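A.B. asks: need a structure here:
(one chain, ligands or ions: 1)
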Amino acid sequence: MDARILCAVVAVAACRPSFEPDAPPPYRERACPSGYVRDEAREVRLVARLEANGFEADRARLASPVCFGPARSLGVLAGSRVVLRAEAEDEELAARLAHLVVHIEDDVGDGCRHGLMHAVASEQRASILEDILRKRWALGPAPDGATEAIRDYERRCAKP
Ligand SMILES: [Zn+2]
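C.D. replies: Numbers count the residues shown, from 1 in each chain. Reported below is the predicted structural model:
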């Protein structure tokens, strides 16, 4: 059942416009924020783990370059960049990376670019995918679930 749900989520995401490799920013920034570093070997491992679980590697690579450092949660989008908590385990970070790729595909940015409903819908899709992967890897629920993220979007994006 999990595999079918994952495929459904992937299929929904696949209907979105494809990534343009020559697109202008925000998805072309390469430098990591202060205090964060690239770890290409680890990034490759995370992408490979997702690919082994039915996630298209090309989708996962949308997140590149991934920055590792003292993120307050497992990982977030900082501007156009994915920042992940360096000290977390690879499986947790792979699941979060899949979550953040959904946000990149949805062009969520820092949250409110396309309005509250868009952000909430993206959060729901992203969290379903992360939860499927976490269950598959016996990780238990994410420490920062969709409810908390949606409350944050409501607080920040509900302005007219
Ligand atoms: Zn999210």
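A.B. asks: now A98. Nearest residue, chain neighbours left out?
C.D. replies: Of all residues beyond its chain neighbours, the one nearest A98 is L129 (5.2 Å), with distances taken as CB to CB, 6 or more residues apart in numbering. C-beta here means a position set from N, CA and C on the backbone, and glycine is covered the same way.
A.B. asks: equivalent analysis for L46, please.
C.D. replies: A94 (4.6 Å).
A.B. asks: so what does the helix or strand harbouring the residue nearest to A98 touch, helix or strand wise?
C.D. replies: Using DSSP states H and E, L129 sits in helix 116-136. Applying 3 or more CB pairs under 8 Å, 6 or more residues apart in numbering; DSSP states H and E, one finds that helix 116-136 contacts helix 2-14, helix 90-105, helix 146-157.
A.B. asks: that older thread, what number of residues lie near the residue nearest to L46?
C.D. replies: 26 (other CB atoms under 10 Å).
A.B. asks: ditto for R38
C.D. replies: The burial count for R38: 15, using other CB under 10 Å.
A.B. asks: and the most centrally placed residue in the chain, what does it touch?
C.D. replies: Residue closest to the mean C-alpha point of the chain, counted by CA atoms, centre = their mean, is L100 at 0.9 Å. Neighbour list for L100: 63, 75-77, 82, 126 [criterion: CB atoms under 8 Å, 6 or more residues apart in numbering].
A.B. asks: take these and lay them out in CSV including distance to P141, pLDDT and secondary structure.
C.D. replies: Converted to CSV, the contacts of L100 look like this (distance: CB to CB, whole Å; pLDDT from 0 to 100; DSSP: H, G, I helix; E, B strand; the rest coil):
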residue, distance to P141, pLDDT, secondary structure
A63, 22, 88, helix
G75, 16, 94, strand
V76, 17, 91, strand
L77, 21, 89, strand
V82, 21, 93, strand
A126, 14, 96, helix
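A.B. asks: closest to the ion among the residues you listed?
C.D. replies: The ion has its nearest neighbour among those in A126, at 4.5 Å by CB to the ion.
A.B. asks: which helix or strand in this protein has the lowest average pLDDT?
C.D. replies: Lowest on mean pLDDT, DSSP states H and E among the helices and strands of the chain sits helix 2-14, with a mean of 46.
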